[in-house]
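Enquirer: Build me a structure from this.
(one chain, ligands or ions: 2)
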Amino acid sequence: MGLKIEELKSGNFDLNRPVILYEDEGHRVAWVGSSENFIFRCNAYLVSSGNTNVLIDPGGIQHFEQVKERVSQLINPKEVNYIVSHHQDPDVAGSIPKWLEVNPEITIVTTPRTKVLLPYYGFDRNSAKWLDVSPLDDTMLELKDGSVLLFLSSPFLHFPDAFVTYDSRAKLLFSGDIFAAIQQKWELIVSDWERHKTEMMYFHVYYMASNRALRYFVEKIKPFPIKAIVPQHGSIIPEEHVKDALDFLENLKCGVDLLYEESPVQSILSDLF
Ligand SMILES: [Fe+2]
Ligand SMILES: [Fe+2]
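Expert: Ligands and ions are numbered 1, 2, ... in the order given. Next comes the predicted model:
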């Protein structure tokens, strides 16, 4: 019962199946994808409580079948009734029209500027159900077990109206592209923190807007007890590295900061390829 991150460090699980990250009597969190041999690998997650099933960042259109297959090993896919889309990128949200075919009653949880863009993947904005995430950080989804999913804005990281999700029961931070990593060798849980910092740097220097935006966000999430950071790309950051991860982002120069300094592009490319 409870958080499974420690036991998952062994790597002893089948990636063709959902991987349970947290479970108690009334609340379960699972990794449901994706398995892909690519440095920009995408993670989708399913939070279940009672008859509420929340799919977080379901993934691109080509991820749909494998994510649905893993979801179907836990619940009937028609029972997915919420999708959280932390921003509108195709690797996050391209499969939403497919999920709406499975269950047209799904409520899409997202911010107003993301809501403008998502229907361009090919669904009707007026017949879709929406839960609007406020920039005031007061939007939440109350779950049957008495816990909440709290939606916190993360402006300019990397989309201007991006947000993240905090699970108050599992104490997991679903961070979207923030804390993401580009990895030649993916693993579910970070095992080598020094290497992981470099892999996070590869991602953040280009995708994230500025150190100012990172600092604003880190200050906001610092008061929350966080047992693990679960990003949309790369490995899950376990509790012992959460503070290191916050410190790392708080001090990272990225995005427009680098317009005024020597760009690290050459060293990054030579590291990667
Ligand atoms: Fe993105
Ligand atoms: Fe992404």
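
Enquirer: Return the distance of residue 24 relative to residue 17.
Expert: Distance, residue 24 to residue 17, using CB to CB, to the nearest Å: 20 Å. Yep, even glycine has a C-beta here, placed from its N, CA and C like the rest.

Enquirer: What are the contacting residues of the helix or strand that contains residue 243?
Expert: Element membership of residue 243 [criterion: DSSP states H and E] is helix 242-250. Contact with helix 242-250 is made by 178-179, 193, 197, 200, 204, 214-215, 217-218, 221-222, 226-229, 237, as judged by CB atoms under 8 Å, 6 or more residues apart in numbering.

Enquirer: repeat for stretch 40-48
Expert: The contact list for stretch 40-48, computed with CB under 8 Å, 6+ apart, reads 18, 21, 27-34, 36, 53-60, 63, 67, 71, 74-75, 80, 91-92, 143, 149, 167, 170, 174, 182-183, 186, 230-234.

Enquirer: restrict those residues to contacts with ligand 2.
Expert: Among these, the ones lying near ligand 2 by CB under 5 Å from the ion are 91, 232.

Enquirer: Sitting in strands, which of the contacts of stretch 40-48 do you find?
Expert: Using DSSP state E, the subset of those located in strands is 21, 27-33, 53-56, 149, 167, 174, 230.

Enquirer: Quickly check those residues for the two that are furthest apart.
Expert: 27 and 33 (20.3 Å; CB to CB).

Enquirer: Tell me, how many residues neighbour the residue nearest to residue 24 when sequence neighbours are not counted?
Expert: The shortest distance from residue 24 to any non-neighbouring residue, by CB to CB, 6 or more residues apart in numbering, is to residue 1 (5.3 Å). Neighbour count for residue 1, taken as other CB atoms under 10 Å: 7.

Enquirer: Break down the stretch 51-200 of the chain into its helices, ranges please.
Expert: 64-72, 90-93, 96-102, 112-117, 193-207 (DSSP state H, counting those that start in this stretch).

Enquirer: Can you list the low-confidence ranges for the protein?
Expert: Counting by pLDDT under 70, the ranges of the chain that qualify are 261-273.

Enquirer: Report the contact partners of the residue in it that ligand 1 sits nearest to.
Expert: Relative to ligand 1, the nearest point of the chain is residue 89 (3.6 Å; CB to the ion). Counting by CB under 8 Å, 6+ apart, residue 89 touches 159, 177.

Enquirer: Provide the contact partners of stretch 124-133 at residue level.
Expert: Contacts for stretch 124-133 (CB under 8 Å, 6+ apart): 82, 100, 104-112, 115, 118-119, 139, 141, 151, 153, 163.

Enquirer: give me that answer again for 6 Å
Expert: 107, 108, 109, 111, 119, 139, 151, 163 (CB atoms under 6 Å, 6 or more residues apart in numbering).
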